[in-house]
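Peer 1: What follows is a predicted protein model with its sequence.
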Amino acid sequence: MSHGPSRPLTARAAGPLRGEANVPGDKSISHRALILGAMAEGETRVTGLLEGQDVLDTGRAMRAFGAQVDKQGDTWVVQGVGVGGLMEPEDLIDCGNSGTGVRLLMGAAATHGFSVTYTGDASLRKRPMARVTDPLALFGAQAYGRSGGRLPMTVVGASEPVPVRYATPVPSAQVKSAVLLAGLNAPGETVVIEREATRDHSERMLTGFGAEVSVEQTAEGRVITLQGQPTLRPQAIVVPRDPSSAAFPVCAALIVPGSDVLVPNIGLNPTRAGLFETLRDMGADLTYENPREEGGEPVADLRARFSPNLRGIEVPPERAASMIDEYPILSVVASQAEGTTVMRGVAELRVKECDRIDAMATGLRACGIDVRDGDDWWEVDGRGPGGLRGGATVAIHLDHRIAMSFLVAGMASAEAITVDDAGPIATSFPIFEDLMGSLGAQFDSVAD
Ligand SMILES: O=C(O)C1=C[C@@H](OP(=O)(O)O)[C@@H](O)[C@H](O)C1
Ligand SMILES: C=C(OP(=O)(O)O)C(=O)O
């Protein structure tokens, strides 16, 4: 869905942040629970689903594809139609701001013999889709979109799909997942090879639903093999809390003097936890309390305290996929460290909801921080605790993570920071303002 009118929001220096931050469910897992639930035979029940706009848009799309998706009390109930049972939507599928939504749906529908036209908001309509439609063409699906492979785009599904073997050219869990979801309704073995491991929620959840999925580490990379046309058995899914949302209260606590914040129950799947390792490498006072396993995923309570002795580091590039959405907030923490933080191997940041390197570099420079950048790298010169001047209004380009990052920056800067639009925060973290406010953050809505 498109957003309402833009809504500026200002964050100013806050007192210590203290208390417990109960962040919402994982966005990646929530999308997959609705999509796989819709492709299973019978009733899947999901608790802890993220009720962010991105996921709600995917829920609406699954209804348009013929599944029933309803909320009963705290549980989302999906009546699936079975593999191969999706139906042609009567209208456009509008995925709003969500790259994950549109790319996974394109995959899931591409091996059905019907056509679907996809669109999204002004941010999503700029993002590249050929990375998904190229492998979908190998199954026999054809895509017709705007120039540069942009939305709106119609995908004519393959009525007699063939299985595919595909090596992903960019590290992308969305591309991997689109191919695996398409492979569900192709006979035989579909194989995806990724050079670097990306988040593995699709593999885990497909296995949970009863598909045969094997993963092998070879010289070529991580080889994932799916046996096509399985019967997916409906599941009871408990969605863990989102480490990408936890990043905001954690990082805010590290840079606001006197803070001590507990962020309970965070999924620490190694394909997602790169930020927390990086913060610890920088000298953050960040501990994992009560580590345990839940639903096959490692989980812990994160405790973050103000950390006056952060050091800039070179972030290991091989860690990029496991923290790809966290570089914007990491750059805010880096601005409060001593020395330079170097981030390499991050070209993907340029094709997210916006060009995230450019958006963060522009905003940080306006707040008094030196940033240098190239095609696939950037570096931030830290000015130590209290080194953020602030006093800027920052353009967030319909990007929720840019908005939240600069609001956190405003909590630790000398002068307030305003983001031009807080609306997109609702795509992934609808309770951000209230939750950060409950810890002690100070926000002012600015009248238009
Ligand atoms: O598969 C997913 O759920 C996601 C994969 C990542 O995108 P890419 O696959 O484009 O790297 C990430 O940035 C996005 O927020 C969620
Ligand atoms: C990149 C993101 O999401 P998506 O690709 O689903 O829009 C994100 O949430 O940071």
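Peer 2: Received the coordinates, thanks. Ligands and ions are numbered 1, 2, ... in the order given.
Peer 1: How about the residues of this structure by ligand 1?
Peer 2: Residues of the chain lying close to ligand 1 (C-beta under 6 Å from any ligand atom) are 28, 99-100, 172-174, 177, 199, 324-325, 348. Just so you know, the C-beta spots here come from the backbone N, C-alpha and C atoms, and that holds for glycine as well.
Peer 1: From these, which land in helices?
Peer 2: 28, 99-100, 173-174, 177 (DSSP state H).
Peer 1: coming back round to it: let me know the closest of the residues of the chain next to ligand 1 to Val263.
Peer 2: For these, the minimum distance to Val263 (C-beta to C-beta) is 16.2 Å, reached by Asp325.
Peer 1: per-residue pLDDT, that closest one?
Peer 2: As predicted, Asp325 sits at a pLDDT of 98.
Peer 1: ok, now Gly295?
Peer 2: At Gly295, pLDDT is 71.
Peer 1: now the residues of the chain next to ligand 1 as a markdown table including distance to ligand 2?
Peer 2: Converted to a markdown table, the residues of the chain next to ligand 1 look like this (distance: C-beta to the nearest ligand atom, whole Å):
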| residue | distance to ligand 2 |
| --- | --- |
| Ser28 | 8 |
| Gly99 | 3 |
| Thr100 | 3 |
| Ser172 | 9 |
| Ala173 | 9 |
| Gln174 | 6 |
| Ser177 | 11 |
| Arg199 | 11 |
| Ile324 | 8 |
| Asp325 | 4 |
| Glu348 | 9 |
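Peer 1: list the buried ones in stretch 420-437?
Peer 2: 420-433, 435-436 (16 or more other C-beta atoms under 10 Å).
Peer 1: From the residues you listed, list the ones also adjacent to ligand 2.
Peer 2: Checking the buried residues of stretch 420-437 against ligand 2 (C-beta under 6 Å from any ligand atom), the matches are Ser428.
Peer 1: Which ones among the buried residues of stretch 420-437 lie within helices?
Peer 2: Those of these lying in helices (DSSP H): 432-433, 435-436.
Peer 1: Dump those into JSON lines; add pLDDT as well.
Peer 2: Compiled in JSON lines, these are given as follows (pLDDT from 0 to 100):
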{"residue": "Phe432", "pLDDT": "98"}
{"residue": "Glu433", "pLDDT": "98"}
{"residue": "Leu435", "pLDDT": "98"}
{"residue": "Met436", "pLDDT": "98"}
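Peer 1: gap between Pro24 and Glu318?
Peer 2: Using C-beta to C-beta, to the nearest Å, we find Pro24 at a distance of 29 Å from Glu318.
Peer 1: can you check Met39 too?
Peer 2: 33 Å.
Peer 1: Pick out whichever of these two has more residues nearby.
Peer 2: With neighbours defined as other C-beta atoms under 10 Å, Met39 and Glu318 compare such that Met39 has more, 28 against 11.
Peer 1: Is it correct that that one is in contact with Pro234?
Peer 2: No. Applying C-beta atoms under 8 Å as the test, Met39 and Pro234 come out as separate, 10.1 Å apart.
Peer 1: shared neighbours of those two, which are they?
Peer 2: Gly80 (C-beta atoms under 8 Å, 6 or more residues apart in numbering).
Peer 1: Ends of stretch 251-261, what's the gap?
Peer 2: 10 Å (C-alpha to C-alpha, to the nearest Å).
Peer 1: cool, stretch 116-124 as well?
Peer 2: Using C-alpha to C-alpha, the two ends of stretch 116-124 sit 17 Å apart.
Peer 1: same question, stretch 270-279
Peer 2: Stretch 270-279 has an end-to-end distance of 15 Å (C-alpha to C-alpha).
Peer 1: pLDDT on it, on average?
Peer 2: 97.
Peer 1: which one of the ones in helices among the residues of the chain next to ligand 1 sits closest to Phe209?
Peer 2: Using C-beta to C-beta, those come closest to Phe209 at Ser177, 13.5 Å.
Peer 1: I figured that closest one hits Val102, correct?
Peer 2: No. Counting by C-beta under 8 Å, Ser177 does not reach Val102; the two are 11.9 Å apart.
Peer 1: those helices in the stretch 101-250 of the chain, which residues are they?
Peer 2: Under the criterion DSSP state H, counting those that start in this stretch, the stretch 101-250 of the chain contains helices at 130-139, 173-184, 201-208, 243-255.
Peer 1: The third one vs ligand 2: in contact?
Peer 2: No. Residues of helix 201-208 are not located near ligand 2 by C-beta under 6 Å from any ligand atom, the shortest gap being 12.5 Å.
Peer 1: List the buried residues in that helix.
Peer 2: Under 16+ other C-beta under 10 Å, the buried positions of helix 201-208 are 201-206, 208.
Peer 1: what residues does it touch?
Peer 2: 26, 28-29, 32-33, 36, 173, 176-177, 180-181, 184, 213, 215, 224, 226, 235, 237, 269, 296-297.
Peer 1: What's the PyMOL line that selects buried ones from these?
Peer 2: The PyMOL selection below is limited to those of those classed as buried (16+ other C-beta under 10 Å):
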select buried, resi 26+28+29+32+33+36+173+176+177+180+181+184+213+224+226+235+237+269+297
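Peer 1: how far does stretch 422-437 sit from the chain's center?
Peer 2: 15 Å (C-alpha atoms, centre = their mean, to the nearest Å).
Peer 1: Can you list the neighbours in contact with that stretch?
Peer 2: 3-9, 17, 21-24, 27, 50-54, 96-98, 123, 242, 244-245, 248-249, 252, 353, 396, 398-401, 403-404, 407-408, 411, 443.
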